[in-house]
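Chemist: Sequence first, then the predicted structure, then my questions.
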2 protein chains.
Amino acid sequence: VARVTATALEGIPELRAGDDLAALLVAAMPSEPPPIPSDVLVLAHKAVSKVEGRTRALSTVRPGDRAQALAAELGKDPRHVQVVLDETREIRRAANGILISVTHHGFVCANAGVDASNAPDDTVILLPLDPDRSARELRARLGELLGVAPAVLITDSFGRAWRHGQSDVAIGCAGLAPLEDWRGRTDSRGRTLRATWIAVADELAAAADLARTKDAGQPAVLISGAGRHVTAEDGPGAAALLRDDATDLFR
Amino acid sequence: VARVTATALEGIPELRAGDDLAALLVAAMPSEPPPIPSDVLVLAHKAVSKVEGRTRALSTVRPGDRAQALAAELGKDPRHVQVVLDETREIRRAANGILISVTHHGFVCANAGVDASNAPDDTVILLPLDPDRSARELRARLGELLGVAPAVLITDSFGRAWRHGQSDVAIGCAGLAPLEDWRGRTDSRGRTLRATWIAVADELAAAADLARTKDAGQPAVLISGAGRHVTAEDGPGAAALLRDDATDLFR
């Protein structure tokens, strides 16, 4: 039977800079069934950012002129806007209290992924500097501790063009083929397939999000049954999902 | 334990116009555990379109001038382009062999969802005329046959802005809250949440897609563990996911 199961890990404590996240994840993993190499461990990026110290205390931020002007226009805290600008390669839009940024990684998202929720007071959480590297390092450490290394996927909640609401997407991964390529393959009758390049990493991120609630402190979800997308090598990471503006017909 | 499971249904035959899809789905459902009202039955739209007769034989299509011109520009079959135009409210882009359409329903997708794969020769498959109505009708019929009515979700694979690859999204649903609204709610420490309006229907569509392979004739997936999004009433449908251009900062 083709079956995919996403299970939220419980009992992960509040995380701080320098914590051994892999060890905390291993402690939270079910013993029955034990994790196997074809599993995918999905992490909300906040867990990773916190242990990596990718946070900023707003009290230490001096907003510049541009941040002050944007903050006045949008009705936001100028210090928060300054942090967003620091994480941004290019601002695409500024309206309705939201900045749409292209981050230094190339992700297009609201407020460059800078997040004040689930953070200690006065502190905002940034995206990891290099989420693919974070995923690779976490996978290696899990391999040391467990003997087996599941794939690792790091996610964030992004808004989308054309459609309301946010969906979780991949911002980093290791041990996972982020796109399943059926281009050139055909269906059971030999015809060209319509959906031929499937964003598996984003679908896994979305599936994981269903298994947890936003306020329950469940940053980690273990997915089983998706082993055909798991690879021994770390692979290209979620950077492979980034689309050039020039080829983007959906904007 | 918070756990979501997606299981592909097996043994669904090739579908034809007029088939009782609900009866075929019931026959394919597992007896153990039996389906319960908190389950979500996810269907690739092709299954629905076929039984509803939402197909066209290209041999009966007379391409008009605009279809001929676009087909020459894009290197496509002019009859196929005519069908796309018939399903389109507005063409947004035409490049790289792809038309980006706004469908009559308001969906933004490649080729208005018109699909030649997994269809009998010379036939293309259209999106259902009203996928939310299709979902409601199917849910009612499942209720008659099963005694319980799971939520019904109808999906298609859409490309996205900014990101490579396609992901399955919701085009119709019944018995499901398509968006989970946390706006105004706070996290465990009383702070505003960043992701506050979650496109649950799209995340369910993505999760279901992981449980099947594109060439295995598995149009239906049963999801359990997502009961908190299931509603007794049919609800607003996937139409609630459509975003006005005016408020869309992500384009």
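Modeler: Arrived safely. Quick caveat, the model's predicted, so the values are computed rather than measured.
Chemist: Strands of chain A, residue ranges please.
Modeler: Remark: strands assigned in chain A by DSSP state E are A:3-8, A:40-44, A:55-57, A:88-95, A:98-103, A:108-110, A:123-125, A:151-159, A:166-174, A:180-181, A:197-198, A:220-224.
Chemist: Any chance of TSV for those strands, columns distance to residue B:47, mean pLDDT and mean neighbour count?
Modeler: (C-beta placed from N, C-alpha, C; glycine too.) Formatted as TSV, those follow (distance: least, C-beta to C-beta, whole Å; pLDDT from 0 to 100; neighbours: other C-beta atoms under 10 Å in any protein chain shown):
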stretch	distance to residue B:47	mean pLDDT	mean neighbour count
strand A:3-8	19	96	22
strand A:40-44	28	98	27
strand A:55-57	47	95	18
strand A:88-95	38	92	14
strand A:98-103	37	93	20
strand A:108-110	33	94	24
strand A:123-125	42	93	21
strand A:151-159	29	97	27
strand A:166-174	23	97	29
strand A:180-181	21	90	16
strand A:197-198	18	92	20
strand A:220-224	25	97	24
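Chemist: Would you mind measuring from residue A:170 to residue A:73?
Modeler: Separation of residue A:170 from residue A:73 (C-beta to C-beta, to the nearest Å): 32 Å.
Chemist: Ok, residue A:173 next?
Modeler: Counting by C-beta to C-beta, the gap from residue A:173 to residue A:73 is 36 Å.
Chemist: again, but for residue A:46
Modeler: According to C-beta to C-beta, residue A:46 stands 28 Å off from residue A:73.
Chemist: more crowded one of the two?
Modeler: Each of residue A:46 and residue A:73 has its neighbours counted (other C-beta atoms under 10 Å in any protein chain shown); residue A:46 has more, 25 against 12.
Chemist: Quick check, that one in contact with residue A:114.
Modeler: No - in this structure, residue A:46 is not within contact of residue A:114 by C-beta atoms under 8 Å, at 11.3 Å.
Chemist: what is in contact with the two at once?
Modeler: By C-beta atoms under 8 Å, 6 or more residues apart in numbering or on different chains, residue A:46 and residue A:114 have these common neighbours: residue A:125.
Chemist: Any regions of chain A where pLDDT drops low?
Modeler: Counting by pLDDT under 70, the ranges of chain A that qualify are A:117-120, A:186-195, A:214-216.
Chemist: Show the contacting residues for the closest residue to residue A:132 other than its chain neighbours.
Modeler: With sequence-adjacent residues excluded and distances taken as C-beta to C-beta, 6 or more residues apart in numbering or on different chains, residue A:132 is closest to residue A:237, at 3.1 Å. Applying C-beta under 8 Å, 6+ apart to residue A:237 gives the contacts A:131-132, A:135-136, A:172-174, A:178.
Chemist: Which members of these are the farthest-apart pair?
Modeler: The most widely separated members of the contacts of residue A:237 are A:136 and A:178, with 13.4 Å between them, by C-beta to C-beta.
Chemist: Look at those two and report which has more neighbours.
Modeler: In this view residue A:136 and residue A:178 are compared by other C-beta under 10 Å, and residue A:178 has more residues nearby, 25 against 19.
Chemist: which ones are touching that one?
Modeler: By C-beta under 8 Å, 6+ apart, the neighbours of residue A:178 are A:170, A:199-202, A:235-238, A:240-241, B:165.
Chemist: same thing but 10 Å
Modeler: By C-beta atoms under 10 Å, 6 or more residues apart in numbering or on different chains, the residues touching residue A:178 are A:132, A:153, A:170, A:172, A:198-202, A:204, A:229, A:235-241, B:164-165.
Chemist: What of residue A:29?
Modeler: A:7, A:9, A:35, A:39, A:41, A:142, A:145-146, A:150, A:220, A:222.
Chemist: Please repeat the previous calculation with a cut-off of 6 Å.
Modeler: Residue A:29 is in contact with residue A:35, counting by C-beta atoms under 6 Å, 6 or more residues apart in numbering or on different chains.
Chemist: measure the most centrally placed residue in chain A to chain B for me?
Modeler: Central residue of chain A (C-alpha atoms, centre = their mean): residue A:155, 1.7 Å from the mean position. In this view, residue A:155 and chain B are 10 Å apart by C-beta to the nearest C-beta, to the nearest Å.
Chemist: give me the beta-bridge partners of that residue?
Modeler: Counting by DSSP bridges, residue A:155 is bridged to residue A:44, residue A:170.
Chemist: is it true that it touches residue A:172?
Modeler: No - using C-beta atoms under 6 Å, residue A:155 makes no contact with residue A:172, being 8.4 Å away.
Chemist: sorry, back to before: so can I have TSV of the strands of chain A showing distance to residue A:80?
Modeler: Formatted as TSV, the strands of chain A follow (distance: least, C-beta to C-beta, whole Å):
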stretch	distance to residue A:80
strand A:3-8	29
strand A:40-44	20
strand A:55-57	10
strand A:88-95	13
strand A:98-103	10
strand A:108-110	12
strand A:123-125	6
strand A:151-159	17
strand A:166-174	19
strand A:180-181	38
strand A:197-198	36
strand A:220-224	27
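Chemist: Quick one: closest of these to residue B:96.
Modeler: strand A:197-198 (13.0 Å).
Chemist: just the helices in the stretch 101-250 of chain A please.
Modeler: Counting by DSSP state H, counting those that start in this stretch, the stretch 101-250 of chain A has helices at residues A:131-146, A:200-210.
Chemist: Deepest in the core, which of those is it.
Modeler: helix A:200-210 (a mean of 30; mean count of other C-beta atoms under 10 Å in any protein chain shown).
Chemist: What is the neighbour count of residue A:30?
Modeler: Residue A:30: 12 neighbours (other C-beta under 10 Å).
Chemist: Also residue A:248?
Modeler: So residue A:248, with other C-beta under 10 Å, has 17 neighbours.
Chemist: Same question for residue A:86.
Modeler: 15.
Chemist: between the helices of the stretch 101-250 of chain A, which one is nearest to residue A:68?
Modeler: Between the helices of the stretch 101-250 of chain A, helix A:131-146 lies closest to residue A:68; by C-beta to C-beta that is 30.1 Å.
Chemist: Contacts for the closest one next, please.
Modeler: Residues outside helix A:131-146 that contact it (C-beta under 6 Å, 6+ apart): A:22, A:26, A:48, A:128, A:149, A:152, A:154, A:171-175, A:234, A:237-239.
Chemist: starting at the chain centroid, how far to that helix?
Modeler: For helix A:131-146, the separation from the chain centroid amounts to 15 Å (computed by C-alpha atoms, centre = their mean, to the nearest Å).
Chemist: Residue A:238 contacts residue A:174, doesn't it?
Modeler: No - counting by C-beta under 6 Å, residue A:238 stays clear of residue A:174, with 9.4 Å between them.
Chemist: can you list residues touching both of these two?
Modeler: Counting by C-beta under 6 Å, 6+ apart, residue A:238 and residue A:174 have no common neighbour.
Chemist: who are the neighbours in contact with the residue nearest to the centre of chain A?
Modeler: A:44, A:168, A:205.
Chemist: switch the cut-off to 10 Å
Modeler: A:42-46, A:48, A:131, A:167-173, A:201-202, A:204-206, A:208-209, A:219, A:221, A:238.
Chemist: got the end-to-end distance for stretch A:235-245?
Modeler: 23 Å (C-alpha to C-alpha, to the nearest Å).
Chemist: In it, which of the residues would be classed as buried?
Modeler: A:235-241, A:243 (16 or more other C-beta atoms under 10 Å in any protein chain shown).
Chemist: can you check stretch A:67-77 too?
Modeler: Across stretch A:67-77, burial judged by 16+ other C-beta under 10 Å covers A:67, A:70-71, A:74, A:76-77.
Chemist: Need the residues that contact it.
Modeler: A:58, A:61, A:63, A:78-86, A:91, A:94-99, A:111, A:116, A:124.
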